[in-house]
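Visitor: sequence below, structure please.
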Amino acid sequence: MASSSSSRGMRVTCGPVDDDLLSLQNIHVSQHVWNREEDKRLIARRATPTRTGIAGVPQQIIPLLDQAGFGWITRLNYIKVSPGLLTTLVEHWRPETHTFHMPFGECTITLQDVGMLVGLPVDGEPVLSRGIPNIFGLAEELLGVVPPQSEIKGHRVRLSWLTANFGDIADDIDDVHVLARYARAWILRYLGGVLVPDRSSAYVSLRWLVFLRDFDIIRTYAWGAAVLGYLYRNLCTSTDYKTPTCDGFTLLLQLWAWERFPTILSSPLPPIPPGSPIGLRWSNTATKISMSDDIKFYRKYFDRTTRKSIIWQPYPPVEQMPGDCTQGMQIWGSIIPLLCLCICEWHQPDRVMRQFGCQQPIPNPPMTPTNVHALTLRGKVEDD
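Guide: Next up, the predicted model:
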């Protein structure tokens, strides 16, 4: 960011000289950092279904999770998210451009990163909110049971109820319809606990069930784009100094930072498991991750970064990656809306062309309007 000063006392101020682009500086957390107010340490909301990755998932439903496109997510072991790293990245995030503004320029997490790191499909049918006349009837149809009212809040169900009722599967159960119900419940747990957790990190919307009916169709939805759009929205809202948490797939953001800025860690990058998304290199139980939680450490680190500090293209050639990682590669560099139920955020890779091996021209004005975070695709209250 640029700064300005007055000749009378050399008063230095934070932020852009011209606010035509970065128009939200007066409410951005970086303004509070500049004013030396008390540091805000963001909390990453998560409720991981299992800390041991695939070893904690019932073996009978693993083929269904793979078929649905969530297999790689289930293979991620629990990895702690550093509040210091998360907080500092949010301080560099600009809601106006959906990019991190660093001393060397802009960088961001894109659809390419989602595919290469965790193997979620980024291209396909939009995960768009649609009318559900009887959400509890949908639960009975696809889960085989209606959650009791004590476990329901609006259209959301407690994750703990899903755990209690669908955590383990008896060894003698082989009915494909019953196993499908368990698989849907586990996908709900990953959605509500890891991929799109809300501020409670205790509930998940039953509206997701409408996308989980047919296991031949589930993976045709652009889950990766939805997850990225939800993360964008929460990074944007977390730039408000008063917001105590950052929701969404914050682990994905941390994996992105580790790949782009590996010197953040004092330990070397572990090898990538053959035939796996790159993010699974951190799921090896033998891998010891040595990282800081100190906000001041990360602030100093990013304040000193140069163009040589970032690895602009950290990933192997696409032909070396599994098909799940490269699905949708034709839209990696596209300016498109990212839809997640009623949320719409813009993917703006034209601002970070160096991440795609191209020279960076002067980008067009960002697609994100100043009031975008007050906009959703909802209709009237309680009406989808």
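Visitor: use CA for all of it now, contacts and neighbours both
Guide: OK.
Visitor: what mean pLDDT does stretch 331-346 have?
Guide: Averaging pLDDT along stretch 331-346 yields 94.
Visitor: apologies, that question was intended for stretch 94-101.
Guide: Mean predicted confidence for stretch 94-101 is 94.
Visitor: hmm, who's touching it?
Guide: 1, 21-24, 89, 92-93, 106-109, 232, 235-236, 239, 346-348, 351, 366-370 (Cα atoms under 8 Å, 6 or more residues apart in numbering).
Visitor: likewise stretch 122-138?
Guide: 111, 114-115, 146, 155, 206-207, 209-211, 220-226, 327-328, 331, 339-342, 377, 383-384.
Visitor: quick check: closest non-adjacent residue to P363.
Guide: With Cα to Cα, 6 or more residues apart in numbering as the criterion, P363 has its nearest non-adjacent residue at 5.6 Å, and that residue is R351.
Visitor: surely the one you found meets T110?
Guide: No - in this structure R351 lies outside contact range of T110 using Cα atoms under 8 Å: 10.9 Å.
Visitor: what about the strands in this protein?
Guide: 4-5, 12-13, 43-44, 93-94, 99-102, 105-107, 127-128, 152-153, 156-158, 203-205, 245-246, 336-341, 343-347 (DSSP state E).
Visitor: note down every partner strand of the last one and its orientation.
Guide: Spelled out, it's strand 343-347. strand 336-341 (antiparallel) (DSSP bridges).
Visitor: for the strand it pairs with, the distance to its chain's centre please.
Guide: Relative to the centre of its chain, strand 336-341 is centred 13 Å away, using Cα atoms, centre = their mean, to the nearest Å.
Visitor: contacting residues around it?
Guide: With Cα under 8 Å, 6+ apart, strand 336-341 has contacts from 126-130, 225-230, 344-348, 377.
Visitor: now the buried members of those residues.
Guide: Buried by 16 or more other Cα atoms under 10 Å: 126-129, 225-230, 344-348, out of those.
Visitor: tell me the two of those residues that are most distant?
Guide: S129 and Q348 (22.6 Å; Cα to Cα).
Visitor: which residues does the residue positioned nearest the centre of the chain contact?
Guide: Geometric centre of the chain, nearest residue: F249, 3.1 Å, by Cα atoms, centre = their mean. F249 is in contact with V194, L195, V196, P197, V227, L228, L231, counting by Cα under 8 Å, 6+ apart.
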